[in-house]
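Asker: task: produce atomic coordinates for the following.
(one chain, ligands or ions: 2)
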Amino acid sequence: MVSVIFPAAGQGKRMQAGINKVLLTLAGEPILVRTLKTFAAVEEVGELIVVVAADEVATVETQLRKVRGLKPLQVVAGGSERQYSIYNGLQKVAQDADVVLVHDAARPMVTAKTIQAVIDTARTKGGAIAAVPAKNTIKVVDADGLVVDTPPRSTLWEVQTPQGFRKEILLEANEAAIADDFLGTDDASLVERIGVPVAVVQSDYRNIKVTTPEDLLIAEAFLKCTAEDEARSLQAAAAEAREAWLKEAKS
Ligand code: CTP
Ligand code: MG
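Answerer: Ligands and ions are numbered 1, 2, ... in the order given. Predicted structure coming up:
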């Protein structure tokens, strides 16, 4: 069984909306709800653990209880840093979970295909992260603003979530980070430092983290075109069925 932890305990400062950005509506549905629904639709996913700020637990829980079609759900209080929020969520993971995924609640465009690939790779390899090849040339720059290095772009990947791990590995990595006072910018960095290899699963460029106001426009555009793609393939299927029917009627 797979447990998923959704860090959603940030303040959304860069969004400047005055509320937690994952509660903002995107094409008629809160970002958090959209994200949860995509995970709930994956068969192996057995529980959803949503981590929000302590003063939001009650309202978010009330809101999510009204949503149909989700999986067993817990809403728990997070910490002052994303890593601490995840650690709080980890304490609530079910005994029988073998794989734990961490997914930013603020990434509502994730696909079932990426989720499944991360689950499968985490199970076989121990750790797996969704990522896309870097599009831009990235420079290493020192404190004086001088370029120190230009790593070859073919070796650079932009990391997203979900990030998935066998449960014991993620627990051990988090305990080690606490013991060493290490604060990482993603979950995999904690796992890397205890010497466990982490595999990259190629995701897609639509899996953005909604961070600033323009990301809302971008996400809405993606959603619209996903809906259009879907409508087009339904139309194509209907046309095919009609052709088959005509052929049969003639014979
Ligand atoms: N997050 C969390 N606990 C924190 C900080 C962040 O659970 N202490 C979550 C956010 O809610 C978000 C994800 O981690 O879903 C990625 O963080 P980010 O995009 O930085 O979101 P915010 O911290 O909310 O935004 P900002 O940094 O602009 O304030
Ligand atoms: Mg933040």
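
Asker: how does the protein divide up, domain by domain?
Answerer: The chain breaks down by automatic domain parsing into domains covering 2-128+161-211, 212-251.

Asker: with respect to ligand 1, which of these lies nearest?
Answerer: Nearest to ligand 1 among the domains of the chain is domain 2-128+161-211; the distance by C-beta to the nearest ligand atom comes to 2.0 Å. Any C-beta I mention is one placed from the backbone N, CA and C, and that applies to glycine too.

Asker: can you redo the domains of the chain as TSV with distance to ligand 1?
Answerer: Listed next are those as TSV, based on distance: least, C-beta to the nearest ligand atom, whole Å:
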stretch	distance to ligand 1
domain 2-128+161-211	2
domain 212-251	8
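
Asker: highest mean neighbour count out of these?
Answerer: domain 2-128+161-211 (a mean of 19; mean count of other C-beta atoms under 10 Å).

Asker: adding distance to residue 143, write the domains of the chain out as a markdown table.
Answerer: Below are these laid out as a markdown table (distance: least, C-beta to C-beta, whole Å):
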| stretch | distance to residue 143 |
| --- | --- |
| domain 2-128+161-211 | 19 |
| domain 212-251 | 26 |
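
Asker: phi, psi of the spatially most central residue of the chain?
Answerer: Closest residue to the average C-alpha location of the chain: residue 103 at 3.2 Å, with C-alpha atoms, centre = their mean. With angles defined as degrees, to the nearest 10, residue 103 sits at phi -140, psi 130.

Asker: report the contact partners of it.
Answerer: 4, 5, 6, 35, 39, 110, 115, 161, 162, 163 (C-beta atoms under 8 Å, 6 or more residues apart in numbering).

Asker: look at residue 156 and say how many residues are nearby.
Answerer: When neighbours are defined as other C-beta atoms under 10 Å, residue 156 has 14 of them.

Asker: which residues in the stretch 151-251 of the chain form helices?
Answerer: Under the criterion DSSP state H, counting those that start in this stretch, the stretch 151-251 of the chain contains helices at 167-179, 187-192, 213-250.

Asker: possible to save the ones you listed as TSV with mean pLDDT?
Answerer: Listed next are these as TSV, based on pLDDT from 0 to 100:
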stretch	mean pLDDT
helix 167-179	98
helix 187-192	98
helix 213-250	90
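
Asker: what's the closest of those helices to residue 25?
Answerer: helix 213-250 (9.3 Å; C-beta to C-beta).

Asker: sheet-wise, list the partners of the biggest strand by length in the chain with their directions.
Answerer: Longest strand in the chain, counting residues (DSSP state E): strand 157-166. Using DSSP bridges, the strands paired with strand 157-166 are strand 99-102 (antiparallel), strand 127-133 (antiparallel).
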